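Engineer: With the input below, show me the fold.
(one chain, ligands or ions: 1)
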Amino acid sequence: MDVREREIRDEQRHLDAVYDRLAEKIHEAEYLMADAARRVQVGTPGALAERDAQVFRAGLHLSRLNSEFEDFLFGRIDLLAGKDGERGPDGASTSLEPAEDAVREEPGGGRVAEIAETLHIGRMGVLDAEFVPLVIDWRAPAAAPFYRATPVAPGRVVRRRVIRSRGRRVLSVEDDLLRPQVRALCRGAELAVVGDGALMAALGRTRGSRMTDIVASIQAEQDEVIRAPAVSVTEVTGGPGTGKTAVALHRAAYLLYQDRRRYAGGILVVSPTPLLVSYTEGVLPALGEEGQVAIRALGSLVEGAEADSYDDPATARIKGSAVMARVLHRAARGAAESPDAPRTLRVVAFGRRVELGAEALDRARRQTLGGTAPVNLLRPRARRLLLDALWEESGGPGRYPDRALAEEAREAFNEDIGTEDAFRDFLAAWWPEVTPLGVLRAMAEEQRLARWARRLLRPREVRQLARSLRRVTPSGAGLSAHDVALLDELRALVGAPPRPAAPRAADPLDQLTGLEEVTTHADRAAGGRRARDRDPEAAGERTDYAHVIVDEAQDLTPMQWRMVGRRGRQASWTVVGDPAQSSWPAPEEAAAERDAALGRRARRRFELTVNYRNPAEIARVADGVLARALPGARPPRAVRETGVAPRFAAVPAGGDLAESVRAEARRLLDEVPGTVGVVVAMHRREAARGWLAGLGAGERLVVLGSLEAKGLEYDATLVAAPGEIAGESPAGLRILYVALTRATQRLTVLAGAADEPDAAGLPALLR
Ligand SMILES: Nc1ncnc2c1ncn2[C@@H]1O[C@H](COP(=O)(O)OP(=O)(O)OP(=O)(O)O)[C@@H](O)[C@H]1O
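Structural biologist: Numbers count the residues shown, from 1 in each chain. So this is what the prediction gives:
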């Protein structure tokens, strides 16, 4: 048996012990369920509440324990004795630095050390029957050295081992030695070292259609972000492939572990596109945090609205800009004045007809709009002002010289007239209840919009905006992601009618860990009631998150920052992004709204510097475009090379882009076993799907418009007609940079006629 086999066998023994222990825990949980069910016979309220809590705990515990993880246990660290003998609640010793005498000089020269503690790291903590840790949760303080230790600052770590397993079987181990100069002994035998680095093995693996977690190979600079304290704002920048998205998701899991009571159900992750949402959705469940975090695309942040179309760059620029907030303010108030609102109000008072004409009504409207409340909430004010005007008109004030009598009569007048059908019908038509969608659709009428946008938008912009809003239907189909931010703003401006309550998701792990208090059904119901009393809107949709994570933050428009900001008024934040990949052309304007959203909270900044996605050969091509897009910007350092240069091809003279795209895509499908992404300019998106139809690769082949490629990655990428992508918007070069940085193995750049390829097929933009 060679060293590798022996080490795998040892880890297998440990994993077997872990699963045996899990089996015992499952048995316990089942017993608790059965026991709780028996208590239903004892009908006192106290006993019922207890039973409720117990069933809930045991059920969740069971489902968690039963889920088969791909690799439940993935790491191990072998440690020197610590400076002090303190132990944490998980049984591991807490000291980070080795004891003075942990490493000794050997008589014949060299140094030797004894391994004092071995910890296995996994997705969930497991103690044996004697409370000795069999597995430490990856988020526990004791697991931090697994991620943080480096040969320069090894702390107590001598050997770090990454264990790959599937289900109950250990497949392989990969070791890093952090104190290579020390001869380490484990129970008298020399510590074995197997393999050459888990990170490289992980990075070289074929990608599927879903992102996977990186728990087994989080790097030190990433770990610092993941475990940064959640006070205030954590800002993370870093180039493509530096793990920003991965880090943001792992941070969500870490925060839940740290303070479950505060964060369960209260973390929002905002992602730029639905494609990126579905790509990343599996990561948190794999980390054991099923259903605890809401991951939403910018176009799905508003309940009941779902973006299903794209704006051209010029329209997006208008819709996203901060000035829209003022246009919407006027529109919301203007929309309460319907073009076919009645022009006369007639009622009968004191036995005769009393009438308000256009002039009096206009005055009442202006006075009503002097109020600052959302327009729908101004209706009581409108009602009051109309009754005032009618009272005047009817000669009411002159009829009663006695003040007390006059007040009484006025009250009776309000009561009589205010409940008359003619008055009520008039009010409903004259101050109709407006909806955010209704206002947005009213803005599609160019003349009205021109009035609301006076001195704020240019006539050309008004025309463009109105035209684009005409595709929005009364049911809300045809909305773009930018429209959704406008709807959210309008919701604040019109004051949405209350919605029926949706119960807040219960927090499974509160109950499972036993660290938190036990909640009963009664508690949960009361909690729901309290939340509704506070904010009627929160009943339909949660808007008060405890932590908000913004991915690809460089892309948020000012209006989108306002929308996201409304969801985190009391929250702490993690904001990750890369200015070099921004598709929004006016960064200063966005920065102002971003600052407003994040408020005065203190900020901690981190930078990630290593590109884990692209091989160096591909990164070099992208770096050239970065230098054009943002002269002076520093690209991240690519950690690996594949020895395969990117391929440059050109559409042959007189040839067809469609045919060349098809041929190049087929070539990549043959070259890599995993996924192939074909990136084209936005306007070619639909056509390109047709070009590639029937290539028969199932989920392996994906066609993307340039803006959809954000955040995603593929084993191979074909970037077609780069000049078209760069020319499509003012941010085009940065969008091309995004497209060129999606590949983990192979990149093909296909030059169209406008790309002026040289003899080697290299487009002008990449030379
Ligand atoms: N420590 C790590 N171990 C293994 N893989 C990693 C590590 N860090 C990042 N990766 C991998 O690198 C790839 C890029 O990560 P991610 O998508 O999070 O980067 P990003 O910074 O968000 O990129 P972009 O800015 O292009 O969206 C992913 O496949 C991720 O799993």
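Engineer: Might one say that Arg451 is in contact with Gly334?
Structural biologist: Yes. Assessed by C-beta atoms under 8 Å, Arg451 is found in contact with Gly334 at 6.9 Å. For the C-beta atoms, the positions are set from N, CA and C on the backbone; glycine is no exception.
Engineer: So between the two, which is more surrounded?
Structural biologist: Gly334 (19 against 13; other C-beta atoms under 10 Å).
Engineer: Can you classify the more buried one by secondary structure?
Structural biologist: helix (DSSP: H, G, I helix; E, B strand; the rest coil).
Engineer: residues contacting the nearest residue to it once chain neighbours are set aside?
Structural biologist: Excluding the flanking residues, the one nearest Gly334 by C-beta to C-beta, 6 or more residues apart in numbering is Trp452, at 5.3 Å. Applying C-beta atoms under 8 Å, 6 or more residues apart in numbering, we find Trp452 in contact with Val327, Arg330, Ala331, Gly334, Met443.
Engineer: mind checking how far Trp452 is from the ligand?
Structural biologist: Using C-beta to the nearest ligand atom, to the nearest Å, we find Trp452 at a distance of 37 Å from the ligand.
Engineer: buried stuff in the biggest helix by length in the chain?
Structural biologist: In the chain, taking DSSP state H as the definition, the longest helix is helix 3-38. The neighbour-count check on helix 3-38 (16 or more other C-beta atoms under 10 Å) flags 7-8, 11-12, 14-15, 18, 21-22, 29, 32-33, 36 as buried.
Engineer: How about stretch 266-285?
Structural biologist: Result for stretch 266-285 [16+ other C-beta under 10 Å]: buried residues 266-277, 279-284.
Engineer: Looking at it now, give me its mean pLDDT.
Structural biologist: Averaging pLDDT along stretch 266-285 yields 92.
Engineer: Pick the one among the contacts of Trp452 closest to Leu387.
Structural biologist: Nearest to Leu387 among the contacts of Trp452 is Gly334, at 23.7 Å by C-beta to C-beta.
Engineer: does Glu607 really touch Glu235, like I thought?
Structural biologist: No. Contact criterion C-beta under 8 Å: Glu607 and Glu235 do not qualify, at 9.4 Å.
Engineer: What parts of this protein come near the ligand?
Structural biologist: Residues of the chain lying near the ligand by C-beta under 6 Å from any ligand atom: 199, 202-203, 214, 217-219, 222, 238, 240-246, 578, 581, 612-613, 711, 713, 741.
Engineer: can you list the domains in this structure?
Structural biologist: 3-204, 220-302+541-610, 313-335+436-494, 345-430, 616-766 (automatic domain parsing).
Engineer: Redo those domains as TSV? Include distance to Arg210.
Structural biologist: TSV is the format used below for these (distance: least, C-beta to C-beta, whole Å):
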stretch	distance to Arg210
domain 3-204	12
domain 220-302+541-610	5
domain 313-335+436-494	22
domain 345-430	41
domain 616-766	10
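Engineer: In terms of mean pLDDT, which of those ranks lowest?
Structural biologist: Here the lowest mean pLDDT among these goes to domain 3-204, at a mean of 82.
Engineer: Does the nearest residue to Ala358 once chain neighbours are set aside lie in a helix or a strand, and which?
Structural biologist: Distance criterion C-beta to C-beta, 6+ apart; nearest residue to Ala358, sequence neighbours excluded, is Arg343 at 5.2 Å. Assigned by DSSP states H and E, Arg343 falls within no helix or strand.
Engineer: and Arg343, what is it in contact with?
Structural biologist: Gly357, Ala358, Leu361.
Engineer: how about the residue most central in space within the chain, phi and psi?
Structural biologist: Most central in the chain under C-alpha atoms, centre = their mean is Val269, positioned 2.3 Å from the mean C-alpha point. Backbone geometry at Val269, expressed as degrees, to the nearest 10, gives phi -110, psi 120.
Engineer: Give the bridge partners for it, please.
Structural biologist: Counting by DSSP bridges, Val269 is bridged to Ile295, Ile549.
Engineer: Report the contact partners of the residue of the stretch 1-150 of the chain found nearest the ligand.
Structural biologist: Nearest residue of the stretch 1-150 of the chain to the ligand, counting by C-beta to the nearest ligand atom: Tyr147, 8.7 Å away. Neighbouring residues of Tyr147 by C-beta under 8 Å, 6+ apart: Ile218, Gln219, Ala220, Gln222, Asp223.
Engineer: any idea whether it is helix, strand or coil?
Structural biologist: helix.
Engineer: Please tell me how far it sits from Trp138.
Structural biologist: In this view, Tyr147 and Trp138 are 8 Å apart by C-beta to C-beta, to the nearest Å.
Engineer: any chance you could map the helices in the stretch 351-500 of the chain?
Structural biologist: Assigned by DSSP state H, counting those that start in this stretch, the helices in the stretch 351-500 of the chain fall at 358-369, 379-393, 396-399, 403-418, 421-430, 436-442, 446-452, 459-469, 481-494.
Engineer: give me the residue from the stretch 551-700 of the chain nearest the ligand.
Structural biologist: For the stretch 551-700 of the chain, C-beta to the nearest ligand atom, closest residue to the ligand: Tyr612, 3.6 Å.
Engineer: quick one: the helices in the stretch 601-750 of the chain?
Structural biologist: Going by DSSP H, counting those that start in this stretch, the stretch 601-750 of the chain shows helices at 616-629, 657-671, 685-692, 722-727, 732-740.
Engineer: Buried residues of the longest one, list them for me.
Structural biologist: In this case it means helix 657-671. So helix 657-671, judged by 16+ other C-beta under 10 Å, has buried residues Leu657, Ala658, Ser660, Val661, Arg662, Glu664, Ala665, Arg666, Arg667, Leu668, Leu669.
Engineer: Sweet, I'm off.
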